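Asks: For reference, the sequence and a predicted model appear below.
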Amino acid sequence: MLSPEAFEELTLAGAYLAQLLEDAPLPRTYEIAAGMAEPALQVALADPQGYWGLLPHVERLAAQGMSLRQIAERLGLSQGAFREAWIFLPEVRLALTGGRARGIDDASRAIAINIDKGDTASAVFMLKTKGDYVPASNKQAPAVVVNIGPQPALVTFAAIEDIRDRMAALADEVDYADL
């Protein structure tokens with residue numbers, strides 16, 4: 001159950017934000033805090049669902065990829081009150097999870113549109129993130145453990161071949177007549 005302090009904070013913020021158009025940009029955080037202090041909003045405390053005015057804004061901010069802490073800060077809410085809302089109010093949880101899902105849907109739709117237009121970078125991004133694709137140029141030879149002293153060191157086959165080539169070059173430069 002929500003604490004009375006959290007209920008009051010969420011309800012006043014919801015009542016203030018409900019006055020805004022859903023797609024309108026949010027006011028500055030200090031303007032939201034000042035708006036929540038308006039005496040006219042005290043009447044909203046009688047409404048057990050007065051916090052619902054928060055939901056469209058919570059969903060939009062979650063769709064933009066903001067964390068719980070960032071959303072609380074942007075809406076001028078204490079983290080404690082917002083955490084309580086996450087725990088005790090299923091509508092807030094749905095707004096957050098639905099917003100995140102909407103953000104992912106929007107991003108993946110944009111990538112799919114770019115792939116349909118022939119954008120190679122979008123196609124490679126999709127393959128790398130969703131298809132376990134690794135281009136041949138990025139594949140590395142497995143590492144080999146070579147003991148060259150008291151500490152083992154990981155060395156790739158390419159490094160071993162470089163060492164071999166340098167040693168061969170040094171051996172070619174030796175004047176064996178002076179030995």
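Replies: Perfect, thanks for sending it.
Asks: mean confidence score for stretch 44-59?
Replies: For stretch 44-59, mean pLDDT is 88.
Asks: next one: stretch 126-138
Replies: Here stretch 126-138 scores 72 as its mean pLDDT.
Asks: per-residue confidence for Ala24?
Replies: At Ala24, pLDDT is 80.
Asks: For it, which three-state class applies?
Replies: coil (DSSP: H, G, I helix; E, B strand; the rest coil).
Asks: so how far is Ala18 from it?
Replies: Ala24 sits 12 Å away from Ala18, taking CB to CB, to the nearest Å as the criterion. Yep, even glycine has a C-beta here, placed from its N, CA and C like the rest.
Asks: Please say which of those two ends up with more neighbours.
Replies: Remark: of Ala24 and Ala18, Ala18 carries more neighbours, 18 against 10, as counted by other CB atoms under 10 Å.
Asks: Give me the pLDDT value at Pro142.
Replies: pLDDT, Pro142: 61.
Asks: now do Ala101
Replies: Per-residue confidence (pLDDT) for Ala101: 94.
Asks: Could you check which helix or strand contains it?
Replies: Per DSSP states H and E, Ala101 falls inside helix 90-116.
Asks: any idea how far that helix is from the chain center?
Replies: 12 Å (CA atoms, centre = their mean, to the nearest Å).
Asks: Can you give me the domain boundaries for the chain?
Replies: Here the domain parsing of the chain from automatic domain parsing is 4-112, 143-174.
Asks: got a list of what the closest residue to Ala15 other than its chain neighbours touches?
Replies: Once flanking residues are discounted, Ala15 sits nearest to Ala44: 3.5 Å by CB to CB, 6 or more residues apart in numbering. By CB atoms under 8 Å, 6 or more residues apart in numbering, the contact set of Ala44 is Thr11, Leu12, Gly14, Ala15, Gly50.
Asks: Just the closest of those residues to Pro90, please.
Replies: For those, the minimum distance to Pro90 (CB to CB) is 15.2 Å, reached by Gly14.
Asks: contacts for the helix or strand hosting the closest one?
Replies: Element membership of Gly14, judged by DSSP H and E, is helix 4-18. Here helix 4-18 makes contact (CB under 8 Å, 6+ apart) with 2, 26, 32, 35-38, 41-42, 44-45, 47, 50-55, 57, 75-78, 80-82, 84-85, 89.
Asks: give me the number of residues near Met126?
Replies: Other residues lying near Met126 total 16 when counted by other CB under 10 Å.
Asks: neighbours around the closest residue in space to it that isn't next to it in sequence, how many?
Replies: With CB to CB, 6+ apart as the criterion, Met126 has its nearest non-adjacent residue at 5.8 Å, and that residue is Ile111. Neighbourhood size, Ile111 [other CB under 10 Å]: 18.
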